[in-house]
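In: Whatever this is, show me its structure:
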Amino acid sequence: MASLLVLSSSSFTSHHFPTRSSHNRHNSVSNFPSFNTNSIPQTLSPFPTRTRLLPTVPNSVLHQNSKFRLVPRTSVKNTDAETKDSSSSSTNLVGEDSAVFDLEEQKLSSWIYFTAILGVVLFILDVAWIDNSTGFGKPFVDALSQISNSHEVVMLILILIFAGVHSGLASLRDSGEKLIGERAFRVLFASLSLPLAVSTIVYFINHRYDGIQLWQVQDAPGIHELVWLSNFISFIFLYPSTFNLLEVAAVDKPKMHLWESGIMRITRHPQMVGQVLWCLAHTVWIGNSVAVAASFGLIGHHLFGVWNGDRRLAIRYGQDFDLVKERTSVVPFAAILDGRQKLPKHFYKEFIRVPYFVITALTLGAYFSHPLMHAASSNLHW
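Out: As a prediction, the model looks like this:
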């Protein structure tokens with residue numbers, strides 16, 4: 001449910017090396033016994049050299065031919081200290097550095113557009129879906145409720161529909177963007193996913209205590225603190241692409257990113273990990289069959305997303321993704337513990353960034369606004 005709350009990418013530069021036989025090299029020296037070879041440019045030196053220049057290879061060739069496997073750097077700066085750092089440090093990333101926010105690169109006009117688009121989207125969502133007098137949200141939920149009197153079954157159906165649309169459109173992204181363009185496909189994706197996400201969230205809030213009570217531990221010492229901390233941590237595992245708000249709103253052209261730094265060093269699928277943490281925490285706290293059903297559906301959807309996400313990135317990025325996959329893991333900290341992921345010296349700095357401060361503030365805000373969320377959902381009578 002944490003992910004639901006968020007919804008709402010020349011030729012070779014040729015270097016010609018003169019070739020000489022050992023006989024010719026001997027003759028050239030013997031003919032000029034006093035020749036000072038130190039004054040000769042390196043490319044004309046008659047003596048063998050250990051310096052070897054590599055051709056510049058475009059990324060398209062790198063994906064097709066493993067013989068020319070060069071690791072591009074994300075920064076042109078390469079100090080001695082960076083060279084001595086781990087091979088997976090930010091200077092050696094094949095993927096992108098996540099959660100970067102440079103205030104100097106922000107355009108005021110872009111954020112004005114974002115605010116305007118957000119307002120328009122929320123207005124349309126309210127009129128066309130949320131408002132019971134004009135929207136289709138209540139008839140949609142009522143129709144599903146006719147299938148079964150079980151809240152657990154309806155909960156699973158809602159998640160299944162959302163997961164099918166969300167993951168289905170994600171799988172069609174490459175062909176869809178070629179057909180209608182990146183921005184138009186993003187609008188289509190959001191237009192179908194967002195209403196379904198809202199319905200799933202509202203139904204869960206309204207019926208979270210309607211199932212069969214399986215256990216009751218809310219009064220146990222330390223449970224509230226454990227659940228609160230687990231929920232807080234779950235939002236830190238948000239997928240880095242959700243930080244790119246201008247792309248989410250299609251103000252900037254949406255891209256499929258290959259992230260590698262920050263939370264990706266801990267797990268290659270942070271949104272899945274965050275969703276599992278959220279589900280486990282809420283299931284422990286609520287302790288009934290509706291919570292179990294919701295957790296079962298959401299965790300299943302995100303486990304499918306692990307396979308589907310890796311498949312899509314492999315198609316898009318080829319050998320670059322293979323390299324990222326080799327030094328990351330799905331299970332949190334697994335690649336770090338077995339030595340495939342070597343954290344840079346100042347790893348913590350990859351989290352001291354504006355998006356993570358914003359997420360922290362929003363997470364705290366969501367916690368304190370729970371009563372408002374419950375009241376708003378109950379007024380919908382879904």
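
In: Just give the number of residues close to the nearest residue to Ser148 once chain neighbours are set aside.
Out: Leaving aside its chain neighbours, Ser148 sits nearest to Val154 (6.1 Å; criterion: CB to CB, 6 or more residues apart in numbering). All C-beta spots, glycine's among them, are computed from the backbone N, C-alpha and C. Residues lying near Val154 (other CB atoms under 10 Å) number 20.

In: per-residue pLDDT, Val154?
Out: Val154 is assigned a predicted lDDT (pLDDT) of 98.

In: Repeat that for the one 5 residues further on.
Out: What the model reports for Ile159 is a pLDDT of 98.

In: now swap in Gly137 and tell me
Out: 96.

In: again, but for the one 5 residues further on
Out: Asp142 is assigned a predicted lDDT (pLDDT) of 96.

In: and Gly135, what does it touch?
Out: In this structure, Gly135 makes contact with Asp126, Val127, Ala128, Trp129, judged by CB atoms under 8 Å, 6 or more residues apart in numbering.

In: pretty sure the first one is in a helix, no?
Out: Yes - looking at Asp126 with DSSP: H, G, I helix; E, B strand; the rest coil, it is inside a helix.

In: Against Ala249, how distant is it?
Out: Counting by CB to CB, to the nearest Å, the gap from Asp126 to Ala249 is 17 Å.

In: again with the last one
Out: From Trp129 over to Ala249 the distance is 18 Å, taken as CB to CB.

In: if we can go back for a sec, include distance to His302 when you put the contacts of Gly135 into CSV, please.
Out: As requested, the contacts of Gly135 are exported to CSV (distance: CB to CB, whole Å):
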residue, distance to His302
Asp126, 28
Val127, 31
Ala128, 28
Trp129, 24
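
In: Mark which of these are buried, thanks.
Out: When the contacts of Gly135 are checked for burial by 16 or more other CB atoms under 10 Å, the buried set is Trp129.

In: one step back: hmm, Leu144 and the residue nearest to Ser148 touching each other?
Out: Yes - between Val154 and Leu144 a contact is recorded at 5.4 Å, counting by CB atoms under 8 Å.

In: what's the neighbour count on the nearest residue to Phe237 once chain neighbours are set aside?
Out: Nearest residue to Phe237, sequence neighbours excluded (CB to CB, 6+ apart): Gly274, at 3.2 Å. By the measure other CB under 10 Å, the count of residues near Gly274 is 24.

In: Tell me the confidence at Gly274?
Out: 97.

In: Give me the three-state assignment for it.
Out: Under three-state DSSP, the three-state class of Gly274 is helix.

In: Restricting to C-alpha, output stretch 105-115 in PDB.
Out: This file holds the C-alpha atoms of stretch 105-115, laid out as PDB (Å, rounded to 0.1, in the frame of the first residue of the first chain):
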ATOM      1  CA  GLU A 105      19.100  23.200 -12.300                       C
ATOM      2  CA  GLN A 106      15.500  23.700 -11.300                       C
ATOM      3  CA  LYS A 107      13.300  26.000 -13.400                       C
ATOM      4  CA  LEU A 108      10.600  28.000 -11.600                       C
ATOM      5  CA  SER A 109       8.400  27.600 -14.700                       C
ATOM      6  CA  SER A 110       8.600  23.800 -14.400                       C
ATOM      7  CA  TRP A 111       7.400  23.800 -10.800                       C
ATOM      8  CA  ILE A 112       4.600  26.300 -11.700                       C
ATOM      9  CA  TYR A 113       3.500  23.900 -14.400                       C
ATOM     10  CA  PHE A 114       3.700  21.000 -11.900                       C
ATOM     11  CA  THR A 115       1.500  22.700  -9.400                       C
END
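
In: Show me the contact partners of that stretch.
Out: The contact list for stretch 105-115 (CB under 8 Å, 6+ apart) reads Leu245, Leu246, Ala249, Val251, Asp252.

In: Flag every buried residue along it.
Out: The neighbour-count check on stretch 105-115 (16+ other CB under 10 Å) flags Tyr113, Phe114 as buried.

In: Dead centre of the protein: give me the residue that sits there.
Out: Tyr239 (3.7 Å; CA atoms, centre = their mean).

In: now that residue: how far from His224?
Out: Tyr239 sits 28 Å away from His224, taking CB to CB as the criterion.
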